[in-house]
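Trainee: take a look and give me a structure for this.
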Amino acid sequence: MKEQTEVGKLKEGRYVVIEDEPSKILGIATSKPGKHGAAKARIDAVGLFDGVKRSIVQPVSAKCYVPIVERKSAQVISIAGDIVQLMDVKDFTMFEIKATPEQLSSIQTGKEIQYIESMGKRKLD
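Mentor: Numbers count the residues shown, from 1 in each chain. Here you go, the predicted model:
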């Protein structure tokens, strides 16, 4: 899920969709309007799920998409290698997430953990 907003209304620490990937905004630099053009904004962001740095330059009045990022709770059902099987606490859906070795050390079967969901992708918080 995503919604549309103006580039000029974005702020650091919020989210934006760049190249169909939800990204967290690291910095915004705005230029002054010139003799023949509108003010432009350069947005530097890092991907929420892949960690890749991206940047876009657009007019301040242009429209862009903002992803709806939800933080949810899930119960750990099982752990197999680096794959964690989870069940959402609210709607009881089952899914699997790949976890890092640091995350695996703090995860226990039967406990509740937080995860992030946006645009059909999930990741441990």
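Trainee: any stretches of the chain with poor pLDDT?
Mentor: Of all residues in the chain, none has pLDDT under 70.
Trainee: domain parsing of it, as residue ranges.
Mentor: The chain resolves into domains spanning 2-67, 70-124 when parsed by automatic domain parsing.
Trainee: how about these in CSV, adding mean neighbour count?
Mentor: Just so you know, the C-beta spots here come from the backbone N, C-alpha and C atoms, and that holds for glycine as well. Converted to CSV, these look like this (neighbours: other CB atoms under 10 Å):
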stretch, mean neighbour count
domain 2-67, 14
domain 70-124, 13
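Trainee: hmm, what's the outermost residue in the protein?
Mentor: The C-alpha centroid of the chain is most remote from Lys35, which lies 36.7 Å away (CA atoms, centre = their mean).
Trainee: which helix or strand contains it?
Mentor: Taking DSSP states H and E as the definition, Lys35 sits outside all helices and strands.
Trainee: residues contacting the residue nearest to the spatial centre of the chain?
Mentor: In the chain, the C-alpha nearest the mean C-alpha coordinate belongs to Leu48, at 3.7 Å (CA atoms, centre = their mean). Listed by CB atoms under 8 Å, 6 or more residues apart in numbering, the contact set of Leu48 reads 15, 21-24, 67, 69, 116, 118, 121, 123.
Trainee: recalculate using a threshold of 7 Å.
Mentor: Residues in contact with Leu48 (CB atoms under 7 Å, 6 or more residues apart in numbering) are 22-24, 118.
Trainee: before we move on, what about Cys64?
Mentor: By CB under 7 Å, 6+ apart, the neighbours of Cys64 are 5, 7, 16, 58.
Trainee: adding secondary structure, write those residues out as a markdown table.
Mentor: Shown next, in a markdown table, are the contacts of Cys64 (DSSP: H, G, I helix; E, B strand; the rest coil):
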| residue | secondary structure |
| --- | --- |
| Thr5 | strand |
| Val7 | helix |
| Val16 | strand |
| Gln58 | strand |
